[in-house]
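>>> Coordinates only, no sequence provided:
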């Protein structure tokens with residue numbers, strides 16, 4: 001047991017956090033471009049949320065438009081990156097509008113949840129993505145099969161709850177399981193992007209889209225969990241006030 005902890009301490013020293021020798025200069029430049037594009041997509045998504053709050057545009061149509069935008073990004077050749085970048089930003093705006101109702105609900109309930117949830121998601125994303133970057137190449141690619149299996153379980157649970165109805169315990173299980181799965185996808189997708197870049201796939205638009213979907217999936221689940229916990233606390237406080 002002591003040897004285990006000594007090994008872990010040695011592999012996670014401060015020097016190891018600065019060690020990017022396994023990642024070539026071209027891949028490092030690619031990663032910087034990917035994360036810059038990701039940040040731009042998040043800003044565009046925030047604009048989509050704001051548009052929903054102003055004009056109430058979020059709904060099924062924006063969700064379908066988001067899926068169409070993803071299809072355009074994936075099917076447009078990399079030689080037309082300007083067009084693909086425009087598709088990505090449009091997709092991000094439509095995604096923001098689609099989750100706008102959740103943000104509007106949280107703003108009416110407690111705006112502090114939004115700030116805490118976004119900061120928490122950003123920290124979690126930075127930690128998991130950073131862990132994938134500083135780890136050995138292909139170390140976490142084995143997670144792909146496990147995550148796919150977990151996502152399949154999540155899909156069939158959602159399908160069953162749609163047909164037979166969902167209980168509170170099943171909803172909570174789906175919520176936390178989905179959060180764990182998409183946190184795992186952050187690690188897996190980051191290492192897969194690095195590996196693809198080493199083999200010449202420098203499609204930063206597609207890679208930014210992958211990380212964008214991971215970020216939004218984690219953010220939504222964290223916000224729902226925080227909103228649910230905050231609502232339960234308020235109910236308990238109201239019950240105590242009535243008893244007293």
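Looks like it came in fine. The structure displayed is predicted, hence computed values, not measured ones.
>>> Just give me the neighbour total for residue 30.
Other residues lying near residue 30 total 22 when counted by other C-beta atoms under 10 Å. Heads up, the C-betas are built off the backbone N, CA and C, glycines and all.
>>> same deal with residue 36?
12.
>>> Now do it against residue 91, distance only.
The gap separating residue 36 from residue 91 is 17 Å, by C-beta to C-beta, to the nearest Å.
>>> in this structure, which residue is closest to the centre?
Geometric centre of the chain, nearest residue: residue 215, 1.9 Å, by C-alpha atoms, centre = their mean.
>>> Hmm, that residue is touching residue 92, no?
No: under the criterion of C-beta atoms under 8 Å, residue 215 makes no contact with residue 92, lying 10.5 Å away.
>>> Grab the nearest non-local neighbour of residue 48.
residue 96 (2.5 Å; C-beta to C-beta, 6 or more residues apart in numbering).
>>> quick one, what contacts the one you found?
By C-beta atoms under 8 Å, 6 or more residues apart in numbering, residue 96 lies in contact with 44-52.
>>> Swap in 10 Å and give it another go.
41-52, 58, 62, 66, 103, 216 (C-beta atoms under 10 Å, 6 or more residues apart in numbering).
>>> What strand or helix carries it?
Residue 96 belongs to helix 81-98 when assigned by DSSP states H and E.
>>> Could you list every helix and strand that the longest helix anywhere in the chain packs against?
Criterion DSSP state H: the longest helix present in the chain is helix 204-243. In terms of contacts (3 or more C-beta pairs under 10 Å, 6 or more residues apart in numbering; DSSP states H and E), helix 204-243 is packed against helix 25-55, helix 60-75, helix 81-98, helix 100-109, helix 112-134, helix 168-198.
>>> Residue 146 and residue 231: what is the separation?
Where residue 231 is concerned, residue 146 sits at a distance of 32 Å (C-beta to C-beta).
>>> and if you look at residue 43?
On the measure of C-beta to C-beta, residue 43 and residue 231 end up 29 Å apart.
>>> Please list all residues in contact with the residue nearest to residue 222 when sequence neighbours are not counted.
Leaving aside its sequence neighbours, residue 222 sits nearest to residue 117 (C-beta to C-beta, 6+ apart; 5.0 Å). Going by C-beta under 10 Å, 6+ apart, residue 117 touches 103, 106, 218-227.
>>> Check residue 63 too.
94-95, 97-99.
>>> please redo it, this time with the cut-off set to 7 Å
residue 98 (C-beta atoms under 7 Å, 6 or more residues apart in numbering).
>>> One more: residue 212?
38, 41, 92.
>>> number of nearby residues for the second one?
In this case it means residue 41. Residue 41, neighbours per other C-beta under 10 Å, totals 26.
>>> From residue 164, how far off is the closest residue to it other than its chain neighbours?
Using C-beta to C-beta, 6+ apart and skipping residues adjacent in sequence, the residue nearest residue 41 is residue 92, 4.1 Å away. Going from residue 92 to residue 164 by C-beta to C-beta gives 35 Å.
>>> What separation do you get for the closest residue to residue 179 other than its chain neighbours and residue 145?
In this structure, residue 179 finds its nearest non-sequential neighbour in residue 221, 4.4 Å apart by C-beta to C-beta, 6+ apart. Noted for residue 221: a distance of 22 Å to residue 145, by C-beta to C-beta.
>>> Pull the number of nearby residues for the residue lying closest to residue 27 once chain neighbours are set aside.
Computed as C-beta to C-beta, 6+ apart, the closest residue to residue 27 that is not its neighbour in sequence is residue 197, at 4.4 Å. Residue 197 has 22 neighbours, counted by other C-beta under 10 Å.
>>> Kindly report the same for residue 88.
26.
>>> got it, and residue 213?
18.
>>> One more: residue 156?
10.
>>> so it is in which element?
Counting by DSSP H and E, residue 156 is part of helix 143-164.
>>> Cool, thanks, signing off.
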